[in-house]
Every structure is written in structure tokens, then in C-alpha cells.
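**Student:** Sequence first, predicted coordinates after that:
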Amino acid sequence: QVQLVESGGGLVQAGGSLRLSCAASGRAFSNYTMGWFRQAPGKERDFVATISWSGSITYYADSVKGRFTISRDNVKNMVYLQMNSLKPEDTAVYYCAASQSINGLRGRGPDFGSWGQGTQVTVSS
């Protein structure tokens, strides 16, 4: 298992940008499929983006496609989520997650065994 700590959340105006970071500690980080999820108040946790162990394959939710970019640095054990053109509906707690399976690319929560504590993103209109 890996331990995950997110950072980079905050308050931003609509149209602005934020970059979330996720620091991973533990063994063999480069073997994990990584993902970002988010949960808005009163709603279920939703898939945002996933990235393969090598970084060569990425998937995005339709709601963020073209605005968000997921990336990773296997030397630094980091995963990032660059969020541009933010909208009020992007407001949520954002979670970083790690999956030991390539199936994690599908973006299903149960495929991920390690989760961070979350970081709040608030987009004002």
C-alpha cells in the first residue's frame, strides 16, 4: 500500500486555475495506477481522471475533459491535477487514490485501495 497526501486546494474565482499535488510514500509507486476523484456536498464521490503507471494512458470524466490534466512524476512519487477554466460546479473535496490494478484506469472507486485525506477546492462565481 502507499500513503497519499494531497495539497494545493483553495478558493479561486470561476475561470481561474489550480494545481493539485499528491505525494505518495511507500513501495513501488511506479507500479500503481493513480486517480483523482471528487465529492461535492451531498453528492457521491465521482471519478475525475486516471493515469497509467507509465503516464502514457490517461482518462477523464466528460465534465473535465479539455480543462483538467493529470500527470505523474515517478521519480518524485508525485501525481498532479492541473485544473484550468474552473467552474463553480467543480467545487468539491478532491481525493488522490492509488490502484494496484490496470483496471483502475476505468475510474471505479472500489478498484482503488489507497486514498488521501482530500483537499478542498472552492470555485466562486
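**Tutor:** Yep, that arrived.

**Student:** helix or strand for the residue nearest to the spatial centre of the chain, which one?
**Tutor:** The centroid of the chain falls nearest to residue 36 when counting by C-alpha atoms, centre = their mean (2.1 Å). Secondary structure from DSSP states H and E places residue 36 in strand 33-39.

**Student:** Check the spacing between the residue nearest to the centre of the chain and residue 48 real quick.
**Tutor:** 4 Å (C-beta to C-beta, to the nearest Å). Just so you know, the C-beta spots here come from the backbone N, C-alpha and C atoms, and that holds for glycine as well.

**Student:** so what pLDDT did residue 90 get?
**Tutor:** pLDDT, residue 90: 98.

**Student:** Just confirm it contacts residue 83, I think it does.
**Tutor:** Yes. Residue 90 is in contact with residue 83 according to C-beta atoms under 8 Å; the separation is 6.9 Å.

**Student:** residue contacts, residue 94?
**Tutor:** 6, 9, 20, 36, 37, 38, 48, 81, 118, 119, 120, 121 (C-beta atoms under 8 Å, 6 or more residues apart in numbering).

**Student:** can you tell me which of those residues are in strands?
**Tutor:** Among the contacts of residue 94, DSSP state E puts 6, 20, 36, 37, 38, 48, 81, 119, 120, 121 in strands.

**Student:** Mind giving me the ChimeraX command for buried ones among those?
**Tutor:** To isolate in ChimeraX the members of the ones in strands among the contacts of residue 94 that are buried, counting by 16 or more other C-beta atoms under 10 Å, one can use:
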select :6,20,36,37,38,48,81,119,121
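
**Student:** number of nearby residues for residue 74?
**Tutor:** 17 (other C-beta atoms under 10 Å).

**Student:** backbone phi and psi for the nearest residue to it once chain neighbours are set aside, please?
**Tutor:** Nearest non-adjacent residue to residue 74, counting by C-beta to C-beta, 6 or more residues apart in numbering: residue 30, 4.1 Å away. Dihedral angles of residue 30 (phi, psi; degrees, to the nearest 10) stand at phi -70, psi -10.

**Student:** Compute the distance between residue 30 and residue 76, please.
**Tutor:** 11 Å.

**Student:** Repeat that for residue 103.
**Tutor:** With C-beta to C-beta as the criterion, residue 103 and residue 76 are 25 Å apart.
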